[in-house]
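# the following block contains a protein sequence and its predicted model.
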Amino acid sequence: MRYVVLGDGIRRFILATFVLGFATMAAHDARAATLPLRQAGMWQSSTVVTLADGKKYRDGAPIVTVSCVDPATDLKFFTFEGSSCSSMNISGAGTTYEIDGACKDEGKPVKIHTQINYVDSETVELVGSVTSATGPVRLRAEMKFQGPCIAGMQPGDEGDIENGQFVKADNINDAGNQ
């Protein structure tokens, strides 16, 4: 199986949409519901992005990435690149959550809306949008637990797998991602 390494802008967009400001919410605290932690190990995300003009990115071919998650890094994925949010609200309970927020991406205002469904202990579905001055960009993703992180992966790593080997694109713990 071949996983795609994303261009930095699209990768940032997808990650930011998944998790824009979740750890920031820890600072915004008890007003928000708490998201369940995913189980530790390697998660594969398959994402289809619809651009503001209505066209599907890569003609609708899913963007597939992998990440190594543990309890200390799971929520960090939701604060990719220190995205700043002036307001963030998580609502929901059990298996279904919604996240709404007013944030900034690269200094420009964006509104986010995300619906997350924890289907079971090994599957999380996400439908989200990021709306900026250029219009809404939407995504639909399915995250599936794959098992233990493979050799060469550290908690917080994200990237792809080529010829059975992990190819790192980034780590959520790196200074630029805080």
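Yep, that arrived. Numbers count the residues shown, from 1 in each chain.
# only alpha carbons, please: show the host helix or strand of V167 as PDB.
Using DSSP states H and E, V167 falls within strand 165-171. Extracted C-alpha coordinates of strand 165-171, given in PDB (Å, rounded to 0.1, in the frame of the first residue of the first chain):
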ATOM      1  CA  GLN A 165       8.500   1.500   5.900                       C
ATOM      2  CA  PHE A 166       7.300   4.600   7.700                       C
ATOM      3  CA  VAL A 167       8.200   7.900   6.000                       C
ATOM      4  CA  LYS A 168       7.900  10.800   8.500                       C
ATOM      5  CA  ALA A 169       6.400  14.100   7.400                       C
ATOM      6  CA  ASP A 170       6.200  15.700  10.800                       C
ATOM      7  CA  ASN A 171       5.800  15.200  14.600                       C
END
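# neighbouring strands for it, and are they parallel or not?
Strand pairing for strand 165-171, using DSSP bridges, gives strand 157-162 (antiparallel).
# now the partner strand: how far from the chain's centre is it?
In this view, strand 157-162 has its centroid 14 Å away from the chain centroid, taken as Cα atoms, centre = their mean, to the nearest Å.
# what residues sit buried inside that strand?
157-161 (16 or more other Cβ atoms under 10 Å). To be clear about C-beta, it is placed using only N, CA and C from the backbone, and glycine gets the same treatment.
# now the strand holding V167: buried residues?
Neighbour-count burial for strand 165-171 flags 166, 169-171 (criterion: 16+ other Cβ under 10 Å).
# quick one: the helices in this protein, in order.
8-19, 22-28 (DSSP state H).
# which of the ones you listed has the lowest average pLDDT?
Sorting the helices of the chain by mean pLDDT places helix 22-28 lowest, at a mean of 34.
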